[in-house]
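Trainee: Using only what follows, build the 3D model:
(chains A and B)
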Amino acid sequence: MNKYPWWKNALILLVVAFGFFYAAPNLYSPDPAIQISGESSGAEISQADLNRALASLDAENIEHFGETIGEKGNSALIRLKDREQQLTAQKLIQRALGDGYIVALNLAPTTPEWLTAWGGQPMKLGLDLSGGVHFLLEVDTDSAVASRQEFYNTGIKRVLRKERIRGLVQLQDNGEIQGRFNTEELRDKAARVIRDEYNELQVTKTEDEGNFYLTAVLTEQKRKEIEGYAVEQNLTTLRNRVNELGVSEPLVQRQGKNRIVVELPGIQDTAEAKRILGKTANLEFRLEAKYDAPLSERERFDFRSNDYGDSGAWLEKDIVITGERVSNAQAGFDQQTGQAQVNITLDSEGGTMMHRVTRHNINRRLGVLFIERKTRTTYVEAADGTEKIVKTPYDEKHIISLATIRDALGVQFRITGLDSPAEAAELALLLRAGALAAPIDFVEERTVGPSLGAENIKQGVLSVQIGLGLVALFMLVYYRVFGIAAVCALSANIVLLISVMSVLAATLTLPGIAGIVLTVGMAVDANVLIFSRIREELANRASPQQAISAGFDRAFVTIMDANITTLIVAVILYAVGTGPVKGFAVTLSIGILTSMFTAIMGTRAIINLIYGGRRVNKLAIGGGA
Amino acid sequence: MNDKVINFMGVRRVAAALSIAFVLISIVSLAVRGLNFGLDFTGGTLVEVVYEQAEPLSNVRSSLANAGYPDAVVVNFGADTDVLVRLPQGMSPDLGDQILGILQETAGSEVELRRIEFVGPQVGEELREQGGLAILLALVVVLIYISMRFQLKFAFGAVVALGHDVIIVLGIFSLLQLDFDLTVLGALLAVIGYSLNDTIVVSDRIRENFRKLRKQSPTEVINISLTDTLGRTLVTSLTTLLVLLALLFTGGEMIRGFAQALTAGIVVGTYSSIYVAANFMLMLNINQEDLIIPEKEGEPIDDMP
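Mentor: Next comes the predicted model:
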């Protein structure tokens, strides 16, 4: 009685061995490292590049080892002895290599090959443990819709002019495009033309005091599409920008309808990161307005160049192309004047449009309008006397360059008139990484310094150890031999939990460690339930073997019920929780599942090995039994 | 069965009065004092730095006030070299960096950044709503699961016990004005999980005994069941408390609120699984008939030996 068949023991051994194997990578702490890669994905890193980088480190006596060039030849890794020197090393290497290389902080795993060969990898650490920045950004989708309405407004005016339909078309504050016509015939013709050209607009007709109106609004579906596109486009742009920042293993992820999470491990300079990420700079190329152009077709913007006495210039409202058509941009210098400039390459469509417009407008001036989203803070006193802070985003637009068109422009041209090389470099970066389709606002930011992260790990591990020690001691004293089985199972449970987290590449956070600690406390519950049942059976004068068998069987249903309900709560916690709390839910859920295996099957196997298949007169289970 | 049955339900009226009193005190405190919501829920900016040498807080306060932040809350966090600055409203996401700059300029010794947190007001509000929703959702799902697996009266008993625990833990946080942040909310859901675990173990035994002991009165059956499970209830609570104390004392400041909430929750949860759930079931007149196994339809789920 109470003997497991050999295959069951083998299965348990196999699972525990699996656990030890895949938990093992966590024993090897990673090395601080610097990762070098080319700015464009095709660029190669040569041995010469690596040597230059190493020479710059040697010059400052920064110790390094294990330098390798990646398999594909497009990245290199330099391991450092001291984590404190990581930032200095990054700056040195960046200076030595110059632009065109991305030099990123990294943590290089030291997992031995016999582990990685079988897919062994350490757990990922959350930002609260590794240090770094977490941003939550909100995409201003309303603004994307508004700029699209502006586009339709311009378009409608253009087609009506082309079809020689006279009328007054205006964009209303509520986003509707309204047209006023003198006769019903004109209005109906206009409606037909608009419907043909833009079937995503919903056109309605009204009349009032002899005037005939039509109203064009975006369909609900189209509006959703624009909003969805804006978020997706921003996601892509942010990924590009994050790559430009030089961070290893960044996370850029959509959250909910219009939010984006950005996590940058290892980053310290949050101001710099925020400036680059949040910059909604965009460019618009517009022709300078003619003197006789009606006011409704031109706009005045500040022009900060001091070459002109006039501090502003009039540009046409029609946009030739926007920054989205830019496929490449590089900072450089003008050969003659030595002034900073940005060399721009457009995509083919952009090149065609630029050519079409500039060809007919030689000797007119082309303005480059720089648009930047900023926030203005005002203080409003609310009705109850408390001060409320109102933040209103606004666009700051100014002209950065206004140059005479000497010749028809094509795919390649340059922007001059920039203040400094640094400004040229930043503009080039922003143009290259792409414009944001809609402005973004920072709604949440969490920065964790590396020392706090390391301390969190240390304290977390210490509390797991102390907790485990206390529980083990108690179980041994209270349940004797059965306690040994429970402690073995509990230890196996932690190993399994860690291995499952590692295999799933789940992220460990500080609350996650708390989840492990809690699992230690609660996982023994199953054993406690079983052991109290066995004691009860013994008290009812069951034989030791019967008591063991009945104890495990009868406690099983209770354990299942209790664990399934806890699991339900953990799943809810995961579904609604954010960030670190999710980490807690993950460890708790996995811990419940692994503990059911170890506490029921694992303990039973050990008890069977000790007591099974022989005559037993007395069980060492404590409690006077 | 055990010869020494403890008459738990003999004091059921006292226990009920005690529970109602605690719940009322908690509700009053929540209404009057409210919760000391952390940054996660209020929105605002928080900067934690560590000075090389302990810096008098008054110095930090005055240099912040001079720089135009008179409403900054400055406290020590854990050690006296560790300083936490909290501003009620995040005026801009850059505020954290500005504060750090001021502290670094005015400090007598080296200042190292530990963390900056900025939470926009709209996010705080959403998190609050989501949190409340999560707790309600958890309670409803539990109600459904237990009424399917056990019986509706058990489900009500369990949910009343859980509500009792959540309200009292919230009450403790309100009375002592402990920081209530996102991890505490997580802990509160873990309390629900834990207390539920306890209540189900007890309910499981009550169900078993109702079917086995046909002659005893419901009160007697419940007393017998509670006595049977008492050892287990106490041992599990003890082991869980042991690890929580380890977490409370060595886990560090950032996890303290979590450990506090769970410690309180486990003490209250242990009490409620003995006195609240069973007590409430008695109030609903639970008896053997509620748990008669329907013979004709067979019994697909319950296969207790």
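Trainee: can you list the domains in chain A?
Mentor: A:6-25+A:449-611, A:31-108, A:132-278, A:282-429 (automatic domain parsing).
Trainee: check contacts around A:D140.
Mentor: A:393, A:438-441 (CB atoms under 8 Å, 6 or more residues apart in numbering or on different chains). Bear in mind the C-beta positions are built from the backbone N, C-alpha and C, glycine included.
Trainee: Can you name the helix or strand that the closest residue to A:L468 other than its chain neighbours falls in?
Mentor: Leaving aside its sequence neighbours, A:L468 sits nearest to A:V520 (CB to CB, 6 or more residues apart in numbering or on different chains; 5.4 Å). Applying DSSP states H and E as the criterion places A:V520 in helix A:510-539.
Trainee: The helix or strand that that helix is followed by: which residues count as buried?
Mentor: Using DSSP H and E, the helix or strand that directly follows helix A:510-539 along the chain is helix A:544-576. Within helix A:544-576, the residues scored as buried using 16 or more other CB atoms under 10 Å in any protein chain shown are A:544-552, A:554-563, A:565-570, A:572-574, A:576.
Trainee: out of the residues you listed, which touch chain B?
Mentor: A:554, A:557-558, A:561-563, A:565-566, A:568-570, A:572-573, A:576 (CB under 8 Å from any CB of the partner chain).
Trainee: tell me the two of these that are most distant?
Mentor: Distances among those were taken as CB to CB; the most separated pair is A:R554 and A:V576, at 35.6 Å.
Trainee: all strands of chain B, in order?
Mentor: B:36-37, B:44-51, B:73-77, B:79-87, B:111-119, B:179-180 (DSSP state E).
Trainee: Looking at those, which is nearest to chain A?
Mentor: With CB to the nearest CB, the closest approach to chain A among the strands of chain B belongs to strand B:111-119: 4.0 Å.
Trainee: what about the longest helix in the chain?
Mentor: Because you didn't say which chain, this covers chain A. Counting residues, the longest helix found in chain A (DSSP state H) is helix A:450-503.
Trainee: Let me rephrase: I mean chain B.
Mentor: Per DSSP H, chain B has its longest helix at helix B:218-250.
Trainee: How about that helix and chain A, touching?
Mentor: Yes: Helix B:218-250 lies within reach of chain A by CB under 8 Å from any CB, at B:228-229, B:231-232, B:235-236, B:238-247, B:250.
Trainee: Surely A:L92 and A:I62 touch.
Mentor: Yes: in this structure, A:L92 is within contact of A:I62 by CB atoms under 8 Å, at 7.4 Å.
Trainee: Output stretch B:220-230 as PDB, restricted to C-alpha atoms.
Mentor: Extracted C-alpha coordinates of stretch B:220-230, given in PDB (Å, rounded to 0.1, in the frame of the first residue of the first chain):
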ATOM      1  CA  GLU B 220     -23.500  21.700  16.400                       C
ATOM      2  CA  VAL B 221     -22.400  20.600  12.900                       C
ATOM      3  CA  ILE B 222     -20.800  24.000  12.300                       C
ATOM      4  CA  ASN B 223     -19.000  23.800  15.700                       C
ATOM      5  CA  ILE B 224     -17.700  20.300  14.900                       C
ATOM      6  CA  SER B 225     -16.500  21.500  11.500                       C
ATOM      7  CA  LEU B 226     -14.800  24.500  12.800                       C
ATOM      8  CA  THR B 227     -13.100  22.500  15.500                       C
ATOM      9  CA  ASP B 228     -11.900  20.000  12.900                       C
ATOM     10  CA  THR B 229     -10.400  22.600  10.800                       C
ATOM     11  CA  LEU B 230      -9.100  24.900  13.500                       C
END
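Trainee: Show me which residues of that stretch are buried.
Mentor: Result for stretch B:220-230 [16+ other CB under 10 Å]: buried residues B:221-230.
Trainee: nearest to A:G175, of the strands of chain B?
Mentor: That would be strand B:111-119 among the strands of chain B, by CB to CB, at 31.0 Å.
Trainee: So is that closest one next to chain A?
Mentor: Yes: applying CB under 8 Å from any CB, one finds strand B:111-119 touching chain A at B:112-119.
Trainee: Just the buried subset of the residues you listed, please.
Mentor: For the residues of strand B:111-119 next to chain A, a burial check counting by 16+ other CB under 10 Å picks out B:113-119.
Trainee: circling back to that earlier point, turn the ones next to chain B among the buried residues of helix A:544-576 into CSV, columns for distance to A:G155.
Mentor: What follows is those, written out as CSV (distance: CB to CB, whole Å):
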residue, distance to A:G155
A:R554, 76
A:V557, 69
A:T558, 70
A:D561, 64
A:A562, 65
A:N563, 62
A:T565, 59
A:T566, 59
A:I568, 54
A:V569, 54
A:A570, 53
A:I572, 49
A:L573, 50
A:V576, 44
